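Visitor: I'll drop the sequence and a predicted model, then ask my questions.
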Amino acid sequence: MIPAGHGSAVRVGVTPWGSSAPARDADWMTQVAGHAETADQLGFESFWIPESHFQRSRACPAPLLLLAAAAARTRSLRLGTSSYLLPIRDPLRVAEDVAVLDQLSGGRVTLGLGRGFRAELFRAFRIPRAEKRDRFRESLDIMRRAWRGEPIARSGHEPDSRPLYLSPLPAQRPHPPIWVAAFGPKALAQVGGLGLPYLASPVETLERLRENHRRHREALPDGVDAARLAVPVIRTVFITRNPARAAQIRHGLEQQAQLASRRLGQGFADLERARADDWALVGEPDEILERIQRYRSEIGLTHLICGLRAPGTSEAEIESTLHELAEIAERIASAGFG
């Protein structure tokens, strides 16, 4: 059942798309800003950039910088990070950068945070992997206090040294919405204990999402109403009226998931046997709308973040999916449900 308080329509956002990356990194970054502009024109609610490091193509180690370029080319689109890795960063620098982006965009930032899990990432940044959850909690506490306008340090060691304050503060007060990506019981318990929304990944089945949201709700502090928290989910989306093509895409997604489950380890073992329809949205427009309604009814979905790069898709198919999805989002908004 939809939790009480989740009465508004599901809001639909997108991540950067394109079936192939341009040869030059600069061209890809310009392309991403153009995608944000297109998403704004098509009426999507939000645009999301994931963080990635040390990849040969489409690496995005500084998503806030790309979102600043997107902010300059958009008017109403919300701008989000789908997993900004907090443990590898200085929290005051993050607080400053987020505040500047929020001011620049006129208060359109949603900050999706993550802890990271790849061992090579922590080795590269010389951060002990075992400390990631403690660093995450401590950094988030520092950032929130700074955004509230509390003193963050003193100007010197003398007793009469003046306190220092973050400036500028975010346009949204006390700060932009914060969502936290989580995978596994410990991460879900931490997110719930912080009283923050849980941002679900693209590869968790609906069955697992039901269990994860149960764990998340159980960990919420007293006084935090689960019905007032956002319920965002990232899904791969491919829209077609051709059943044979839909079957091909599902097969490609299932092969991709099997490879990912072997690479990522035991926590992703259920992907090995999952059907694509358990964690992706593939099919005709009415079928996609029906599936969104199912997520709404079963986990209280409030925000759907759509990735459009299914394996084997062409530029023309991605473009078609984008426009079909925009029409679905408009139908959801006009009907007042999701």
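Guide: Good, I have the coordinates.
Visitor: drop to CA atoms for contacts and neighbour counts, all remaining ones
Guide: Will do.
Visitor: could you pull out the strands for the stretch 101-250 of the chain?
Guide: Here the stretch 101-250 of the chain has its strands, by DSSP state E, counting those that start in this stretch, at 109-114, 153-154, 163-164, 178-181, 198-199, 232-239.
Visitor: For the third one, which helices and strands make contact with it?
Guide: If I follow you right, that is strand 163-164. strand 153-154 (3 or more CA pairs under 8 Å, 6 or more residues apart in numbering; DSSP states H and E).
Visitor: deepest of the strands of the stretch 101-250 of the chain, which one?
Guide: Comparing these by mean neighbour count (mean count of other CA atoms under 10 Å), strand 198-199 ranks first with a mean of 27.
Visitor: Which neighbours in the sheet does that strand have, and how are they oriented?
Guide: Strand pairing for strand 198-199, using DSSP bridges, gives strand 178-181 (parallel).
Visitor: List of residues touching the strand it pairs with?
Guide: 82-83, 110-115, 191, 196-201 (CA atoms under 8 Å, 6 or more residues apart in numbering).
Visitor: can you check stretch 111-121 too?
Guide: Under the criterion CA under 8 Å, 6+ apart, residues 53, 80-87, 129, 132-133, 136, 176-182, 199 lie in contact with stretch 111-121.
Visitor: try 7 Å
Guide: The contact list for stretch 111-121, computed with CA atoms under 7 Å, 6 or more residues apart in numbering, reads 80-87, 129, 132-133, 136, 176-181.
Visitor: avg pLDDT for it?
Guide: For stretch 111-121, the mean pLDDT works out to 87.
Visitor: buried stuff in whichever strand or helix holds Glu37?
Guide: Assigning secondary structure by DSSP states H and E places Glu37 in helix 25-42. By neighbour count on 16 or more other CA atoms under 10 Å, the buried set for helix 25-42 is Trp28, Met29, Gln31, Val32, Ala33, Gly34, His35, Ala36, Glu37, Ala39, Asp40, Leu42.
Visitor: and the first one, what pLDDT?
Guide: Here, the pLDDT recorded for Trp28 equals 80.
Visitor: Please report the distance of it from Pro311.
Guide: 19 Å (CA to CA, to the nearest Å).
Visitor: Next: the fourth one.
Guide: From Val32 across to Pro311, the span is 19 Å (CA to CA).
Visitor: then stretch 91-109 to PDB, C-alphas only?
Guide: Taking C-alpha atoms only, stretch 91-109 is exported to PDB below (Å, rounded to 0.1, in the frame of the first residue of the first chain):
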ATOM      1  CA  PRO A  91      33.200  17.800   4.300                       C
ATOM      2  CA  LEU A  92      33.600  21.600   4.400                       C
ATOM      3  CA  ARG A  93      34.700  21.800   0.800                       C
ATOM      4  CA  VAL A  94      31.600  19.700  -0.100                       C
ATOM      5  CA  ALA A  95      29.400  22.000   1.900                       C
ATOM      6  CA  GLU A  96      30.800  25.000   0.100                       C
ATOM      7  CA  ASP A  97      30.500  23.500  -3.400                       C
ATOM      8  CA  VAL A  98      27.000  22.300  -2.800                       C
ATOM      9  CA  ALA A  99      26.000  25.700  -1.400                       C
ATOM     10  CA  VAL A 100      27.500  27.500  -4.500                       C
ATOM     11  CA  LEU A 101      25.700  25.100  -6.900                       C
ATOM     12  CA  ASP A 102      22.400  25.600  -5.000                       C
ATOM     13  CA  GLN A 103      22.700  29.400  -5.200                       C
ATOM     14  CA  LEU A 104      23.800  29.200  -8.900                       C
ATOM     15  CA  SER A 105      20.700  27.100  -9.800                       C
ATOM     16  CA  GLY A 106      18.200  29.000  -7.800                       C
ATOM     17  CA  GLY A 107      17.700  26.300  -5.200                       C
ATOM     18  CA  ARG A 108      17.300  23.300  -7.600                       C
ATOM     19  CA  VAL A 109      19.900  20.800  -6.100                       C
END
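Visitor: in it, what counts as buried?
Guide: 91-92, 94-109.
Visitor: ok, now stretch 195-203?
Guide: Within stretch 195-203, the residues that count as buried by 16+ other CA under 10 Å are Gly195, Leu196, Pro197, Tyr198, Leu199, Ala200, Ser201, Val203.
Visitor: Any chance of a markdown table for the residues you listed, columns pLDDT?
Guide: Output for the buried residues of stretch 195-203, formatted as a markdown table (pLDDT from 0 to 100):
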| residue | pLDDT |
| --- | --- |
| Gly195 | 96 |
| Leu196 | 97 |
| Pro197 | 97 |
| Tyr198 | 96 |
| Leu199 | 96 |
| Ala200 | 92 |
| Ser201 | 84 |
| Val203 | 84 |
